[in-house]
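Student: With the sequence up front, the predicted model follows.
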Amino acid sequence: MFQGNAEEAMHFYTTLIEGSEVVMINQYGPNEVGEEGSVKQAVFSLKGQEFMCIDSNVQHEFTFTPSFSIFLTCDSEEEITDLFSSLMEGGEELMPLADYSFSKKFAWVVDQFGVSWQLNLP
């Protein structure tokens, strides 16, 4: 649930991750409860996994938290390094990109939209 930038976030993610696409966007029209042009409901796919998102038409005090993360398994060192760099632009590092006992390379970041990502290279 985004606060007015769901479409921007979807396009950002699908351009970063190979094999990803925006599947469907349904926007609010005139005289509907949400702001005209904002996302009423949308579906996007990251490496074949579908996600649904909306722009909340209600202002609220909460946003995304690290208790929800998109866990993405990368196929190469180049992919994990590029994704880490791109997601860190305007974001925050929770665990640095490094070799951990459970993974060859792993990182945990919060991106510019507040979404938490766990990037893994097995």
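Tutor: That came through fine.
Student: Just the element for the most far-flung residue of the chain relative to its centre, please.
Tutor: Here the centre of the chain is the reference, and by CA atoms, centre = their mean the most remote residue is Asn31, at 29.3 Å. Using DSSP states H and E, Asn31 is not contained in any helix or strand.
Student: got the end-to-end distance for stretch 61-73?
Tutor: This stretch, stretch 61-73, spans 32 Å end to end (CA to CA, to the nearest Å).
Student: That should have said stretch 110-122, apologies.
Tutor: First-to-last residue span, stretch 110-122, CA to CA: 21 Å.
Student: Start the count at 730 instead of 1 going forward.
Tutor: From this message on, residue numbering opens at 730, which makes the last subject stretch 839-851.
Student: what comes up buried for it?
Tutor: Val839, Asp840, Gln841, Phe842, Gly843, Val844, Ser845, Trp846, Gln847, Leu848, Asn849, Leu850 (16 or more other CB atoms under 10 Å). The way it works is simple: take the backbone N, C-alpha and C, and place the C-beta from them, glycine included.
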